[in-house]
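Chemist: with the input below, show me the fold.
(one chain, ligands or ions: 2)
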Amino acid sequence: MEKVSIVVPCYNEEEVLEKFYETVTKIMEKNSTDFEYIFIDDGSKDRTLSIMRKLAREDKRVRYISFSRNFGKEAGIYAGLKNSVGDYVVVMDADLQHDPKLLPTMIDILKSGEYQSVAVRRYNRKEGIRGAFSKLFFKIMASLSGLNTKEGEMDYRMMNRRMVDSILQMAEYNRFSKGIFSFVGFDTKWIEQENIEREFGQTKWNMKSLFKYSIEGITAFSTKPLLISSFLGLFFCFLAFIFIIIIVFKTLVFGEVVQGFPTLICCLFLCSGIQLFCFGIMGEYLAKMYLEVKNRPIYLVKERSEDLKNEKMEEVKEKSK
Ligand code: UDP
Ligand code: MG
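Modeler: Ligands and ions are numbered 1, 2, ... in the order given. Model (predicted):
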């Protein structure tokens, strides 16, 4: 019988974790596939870890890994995939925004063998400023990287073992899952779900972290921004050259006095601004290389469910004494 590993990155999800577990378990138990949970506690500061311990004690199908600090959702996904043993692995958020009712459909699609992965995109999302930015990001991302990231794509995806193993081969430090999913290829079936608002707890994203995430995504999978800086440089050199010719021509032919202190200042500001912008782009890549070269671990483990077994063993030992 096939086994499904359910990978759930969690950061401060005490309000919803148990409900998530109950809802998903109910749906999975109706299905005839075996399953396991791999909860990742991403350095939560609330009761998330103790809820995981409790679930693992009560249910053998639950395993968890707790990070020594907050390493980010991408690190959580990586750790989950790495520790999964199922034939199929699904990555989903703890907040029930990823509709668990789709799980049986996803399993059926993968079982049929035609696709190696099933991904979910959402529609009917309330369009705020965030929605507009997200749309813009997906457009830029698609055109810069040539990767096939879909608008409304979430990190809700079920994959077969082969695809998971391919993803694990990409052990880079700067991880951008949507790019990695698309980079490894394989045939993906896209299904849709209506947007579900978060009912419990709070979103861990704000404008600043979203901006960082977009820059991360773009620079992780495309080097085209470096080209932008070269083009901008060329363009302004050309412009300056034309200005110089015009000024020299005017002075020589009409004997005009060169004037325009304000113009000078404007040009100065513009050019130095553009230079800084370009340095920024280069710096972004340099920083990435720096981190990559250091070869730091993607995550560090503080505690895992296997520790609970040792704890039990010790209890038994103690009793037998
Ligand atoms: N998450 C995480 N580490 C973080 C931030 C978030 O593991 O540093 C998890 C979080 O617990 C949730 C999922 O990533 O299960 C998505 O987070 P959230 O719901 O805040 O994002 P949104 O749905 O608003 O995009
Ligand atoms: Mg969410």
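
Chemist: tell me who's in contact with whichever residue of the stretch 151-300 of the chain sits closest to ligand 2.
Modeler: Using C-beta to the ion, the point where the stretch 151-300 of the chain gets nearest to ligand 2 is residue 198, with a distance of 5.1 Å. Yep, even glycine has a C-beta here, placed from its N, CA and C like the rest. With contacts taken as C-beta atoms under 8 Å, 6 or more residues apart in numbering, residue 198 has the following neighbours: 95-97.

Chemist: check those against ligand 1, which are close?
Modeler: Of the residues in the contacts of residue 198, proximity to ligand 1 by C-beta under 6 Å from any ligand atom holds for 95, 97.

Chemist: show the buried residues in the contacts of residue 198.
Modeler: Buried members of these, scored by 16 or more other C-beta atoms under 10 Å, are 95-97.

Chemist: now narrow the contacts of residue 198 to whatever sits close to ligand 2.
Modeler: Intersecting the contacts of residue 198 with the surroundings of ligand 2, defined as C-beta under 5 Å from the ion, gives 95, 97.

Chemist: from the contacts of residue 198, which land in strands?
Modeler: Restricting these to those inside strands, with DSSP state E as the criterion, leaves an empty set.

Chemist: need the contacts of residue 198 in CSV with pLDDT, can you?
Modeler: Formatted as CSV, the entries for the contacts of residue 198 read as follows, by pLDDT from 0 to 100:
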residue, pLDDT
95, 88
96, 87
97, 88
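
Chemist: check the protein for its longest helix and report it.
Modeler: helix 261-294 (DSSP state H).

Chemist: for that one, packing partners?
Modeler: In terms of contacts (3 or more C-beta pairs under 8 Å, 6 or more residues apart in numbering; DSSP states H and E), helix 261-294 is packed against helix 207-221, helix 224-254.

Chemist: between the longest one and helix 207-221, how many degrees?
Modeler: By that I understand helix 224-254. On the basis of axes from the mean of the first three to the mean of the last three C-alpha atoms, to 10 degrees, helix 224-254 is oriented at 90 degrees to helix 207-221.

Chemist: helix 224-254 packs against which elements?
Modeler: Applying 3+ C-beta pairs under 8 Å, 6+ apart, we find helix 224-254 packed against helix 129-145, helix 261-294.

Chemist: hey, which of these is tucked in deepest?
Modeler: helix 129-145 (a mean of 15; mean count of other C-beta atoms under 10 Å).

Chemist: any idea of the mean pLDDT in that one?
Modeler: Per-region confidence: helix 129-145 scores 76 on mean pLDDT.

Chemist: can you dump the C-alpha atoms of that helix in PDB for me?
Modeler: This file holds the C-alpha atoms of helix 129-145, laid out as PDB (Å, rounded to 0.1, in the frame of the first residue of the first chain):
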ATOM      1  CA  ILE A 129      -2.400  46.000  -2.100                       C
ATOM      2  CA  ARG A 130      -0.900  42.600  -1.200                       C
ATOM      3  CA  GLY A 131      -2.800  40.900  -4.000                       C
ATOM      4  CA  ALA A 132      -1.700  43.500  -6.500                       C
ATOM      5  CA  PHE A 133       1.900  43.100  -5.400                       C
ATOM      6  CA  SER A 134       1.700  39.300  -5.600                       C
ATOM      7  CA  LYS A 135       0.300  39.500  -9.100                       C
ATOM      8  CA  LEU A 136       3.200  41.900 -10.200                       C
ATOM      9  CA  PHE A 137       5.700  39.600  -8.600                       C
ATOM     10  CA  PHE A 138       4.500  36.500 -10.500                       C
ATOM     11  CA  LYS A 139       4.600  38.500 -13.700                       C
ATOM     12  CA  ILE A 140       8.200  39.700 -13.100                       C
ATOM     13  CA  MET A 141       9.300  36.300 -11.900                       C
ATOM     14  CA  ALA A 142       7.900  34.500 -14.900                       C
ATOM     15  CA  SER A 143       9.400  36.900 -17.400                       C
ATOM     16  CA  LEU A 144      12.800  37.100 -15.700                       C
ATOM     17  CA  SER A 145      13.500  33.500 -14.900                       C
END
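
Chemist: sweet, I'm off.
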